[in-house]
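Engineer: Need a 3D model of the following:
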Amino acid sequence: MTKEKKPAVLLLYTGGTIGMIENPETGALESFRFDELLKQVPELKRFHYRIDTYSFQPAIDSSDMEPELWGRIVRIITENYEHYDGFVILHGTDTMAYTASALSFMLENLSKPVILTGSQLPIGKLRTDGKENLITAIEIAAAKRENGQPMVPEVCIFFENELLRGNRTTKVNAENFNAFRSFNYPPLATVGIHIRFNEHLIRKNDFTQPLKPHFNFNNQVVMLSLFPGIRESIVASVLQVPGLKAVVLRTFGSGNAPQKEWLIRRLKEASEKGILIVNITQCQHGAVEMHRYGTGLQLLQAGVVSGYDCTPECAITKLMFLLGNDLPLEQVRQLMDSDLAGEITRDKE
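Structural biologist: Residues are numbered from 1 along each chain as shown. This next block holds a predicted model:
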């Protein structure tokens, strides 16, 4: 009789609150050695898994996370892809949704779980949320279906009892444990006494295709939020930034903008110069529907592309990813209008 192979999970520590400890002299939170973090969670020894670790040295505050570091994460996953059943990334909460969104595009044909998690309180604190987040993220990363395929072959965020699709997620709370929400897509799993997977919501990946990692990004992009009384000089200065390739335009409601002649003219001129403008709503819940009102239709006529129900974190990273692949502008427009990794609900328009 063949001995069943133990699940193997690679735990990648990039930094963040979960791996911090309070300096007794200053009271400030400081990073400490990753092996110390593991000592804080002796429960991990009760898993019948092989859990290996990799730690960024030095640890990265999530405020300093950027495309080069996303590429480093992808390289680590790629180099270890055949040796593990799943991956757990410990990451600071402030930019976790950006990293999760970026990885969802960089890891093309992903067929294994990549679960990002962290905590609001350091893992050494008595009331920390870090232990439960870490333990459950590892369990989800190792979970398999009856046929042996991974249960969740996606980039996800696990936080406070919910498993969320990474590119649908936004940080909404800086104080409470329920730090993340996915307003336009339901949780892929909910966790209580049992882990209940919503299997009909999980992406159906082609497990015969090899992982295709991507590393290039173009950060010549900007996010511009409209507000009542916005001045032409402000919009003009943004659209005239040297080398600018794309703009994520955060509009009102279902994708509406002020009916100002100068605004539409500026946007149309930028679009005709080859600057891609993507329209997303400032609302947390809902989608852009530019055909719905005349104030949205005017943007469509100016060459603005719909971002549907895309989050700001996902819209900006998707643009950076597509532009980084040196694709023709028209192809980038088409791909922004397409669902690449479950990031938009395409039938909203």
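
Engineer: Could you break the protein into its assigned domains?
Structural biologist: Here the domain assignment for the chain is 8-213, 221-348, based on automatic domain parsing.

Engineer: Quick one: distance of the last one to the chain centre.
Structural biologist: Right, domain 221-348. Using Cα atoms, centre = their mean, to the nearest Å, the distance from the centre of domain 221-348 to the centre of the chain it belongs to is 19 Å.

Engineer: Then the first one?
Structural biologist: On the basis of Cα atoms, centre = their mean, the separation between the geometric centre of domain 8-213 and that of its chain is 11 Å.

Engineer: what residue ranges in this structure are flagged as low confidence?
Structural biologist: Scanning the chain with the threshold set as pLDDT under 70 gives 1-4, 20-38, 40, 124, 347-349.

Engineer: can you give me the helices in it?
Structural biologist: For the chain, the helices defined by DSSP state H occupy 34-39, 67-80, 96-106, 130-142, 232-239, 261-272, 294-301, 312-324, 329-336.

Engineer: CA-only coordinates of the fourth one, as PDB, when you get a sec.
Structural biologist: Backbone C-alpha positions of helix 130-142 (Å, rounded to 0.1, in the frame of the first residue of the first chain) are rendered in PDB as follows:
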ATOM      1  CA  GLY A 130      -2.700  36.700  13.200                       C
ATOM      2  CA  LYS A 131      -2.800  33.100  14.500                       C
ATOM      3  CA  GLU A 132      -6.200  32.300  13.100                       C
ATOM      4  CA  ASN A 133      -5.500  34.000   9.800                       C
ATOM      5  CA  LEU A 134      -2.200  32.200   9.300                       C
ATOM      6  CA  ILE A 135      -3.500  28.700  10.400                       C
ATOM      7  CA  THR A 136      -6.600  28.900   8.200                       C
ATOM      8  CA  ALA A 137      -4.700  30.300   5.200                       C
ATOM      9  CA  ILE A 138      -2.300  27.300   5.400                       C
ATOM     10  CA  GLU A 139      -5.200  24.800   5.700                       C
ATOM     11  CA  ILE A 140      -6.900  26.400   2.600                       C
ATOM     12  CA  ALA A 141      -3.600  26.400   0.700                       C
ATOM     13  CA  ALA A 142      -3.400  22.600   1.300                       C
END
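
Engineer: Spatially nearest residue to Leu322 (excluding sequence neighbours)?
Structural biologist: When the adjacent residues along the chain are set aside, Leu322 lies closest to Val332, with 4.7 Å between them (Cβ to Cβ, 6 or more residues apart in numbering). Every C-beta, even on glycine, is put in place using the N, C-alpha and C of the backbone.

Engineer: Measure how buried that neighbour is and give me the count.
Structural biologist: The tally of other residues near Val332 (other Cβ atoms under 10 Å) stands at 22.

Engineer: Could you pull up the residues touching it?
Structural biologist: Counting by Cβ atoms under 8 Å, 6 or more residues apart in numbering, Val332 makes contact with 246, 276, 319, 322-323.

Engineer: cutoff 7 Å now
Structural biologist: Remark: with contacts taken as Cβ atoms under 7 Å, 6 or more residues apart in numbering, Val332 is in contact with 276, 322-323.
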